[in-house]
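Engineer: Attaching a predicted model along with its sequence, questions to come.
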Amino acid sequence: MNLNKIFLKYLQEHDYEFKETSFGIEFSYQNLSFQYFSDDNDDQFFQLVLPSIYDVDENNYSLVTEATDKTNAEIKVIKTYVYEGKWVNVAFEILTDYTPDLADFLPRAISLLLQARLTFYKSLENLK
């Protein structure tokens, strides 16, 4: 089964409000927007992103990248990065089998994204 369809079914079964987008699926949780990126060429790659958690400019770029490095070193399976030089995203990325049970990892994925967001903010504050 297609990973995108599995994800849609999970969201429907768990009463998440979502919308399909050109890149995949967007849904809200705890007043934050999460984005699932569909990859038609890789039905085993699962990527969930908490986008735009912090604005980046030339004045804070080096501080922000240091905070992303510290966050990445502290939190497992999370990738915190500067996207397009404009803002910080947090991604959860794993490889799945062809019929994953999202209940096995999605709640923890969301929790890790939220934890990484807070860890990034704390790292940034400690670096100032």
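Structural biologist: Good, I have the coordinates.
Engineer: residues of the host helix or strand of Leu118 that come out buried?
Structural biologist: Assessed by DSSP states H and E, Leu118 sits inside helix 106-127. Neighbour counts over helix 106-127 (16 or more other CB atoms under 10 Å) mark 106, 109-110, 112-117, 119-120, 123-124 as buried. Backbone N, C-alpha and C define where each C-beta goes, glycine included.
Engineer: by how many degrees do the helix or strand of the chain with the lowest mean pLDDT and helix 106-127 diverge?
Structural biologist: Using mean pLDDT, DSSP states H and E, the weakest-scoring helix or strand in the chain turns out to be helix 3-13, at a mean of 93. Orientation check (axes from the mean of the first three to the mean of the last three CA atoms, to 10 degrees): helix 3-13 against helix 106-127 gives 90 degrees.
Engineer: Send me helix 3-13 as PDB with only the CA atoms.
Structural biologist: C-alpha atoms of helix 3-13 as PDB (Å, rounded to 0.1, in the frame of the first residue of the first chain):
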ATOM      1  CA  LEU A   3       2.700   5.300   2.300                       C
ATOM      2  CA  ASN A   4       0.700   8.500   1.500                       C
ATOM      3  CA  LYS A   5      -2.600   6.500   1.700                       C
ATOM      4  CA  ILE A   6      -1.500   4.900   4.900                       C
ATOM      5  CA  PHE A   7      -0.800   8.300   6.400                       C
ATOM      6  CA  LEU A   8      -4.100   9.700   5.300                       C
ATOM      7  CA  LYS A   9      -6.000   6.700   6.700                       C
ATOM      8  CA  TYR A  10      -4.100   7.200  10.100                       C
ATOM      9  CA  LEU A  11      -5.100  10.800  10.200                       C
ATOM     10  CA  GLN A  12      -8.700  10.100   9.500                       C
ATOM     11  CA  GLU A  13      -8.900   7.300  12.000                       C
END
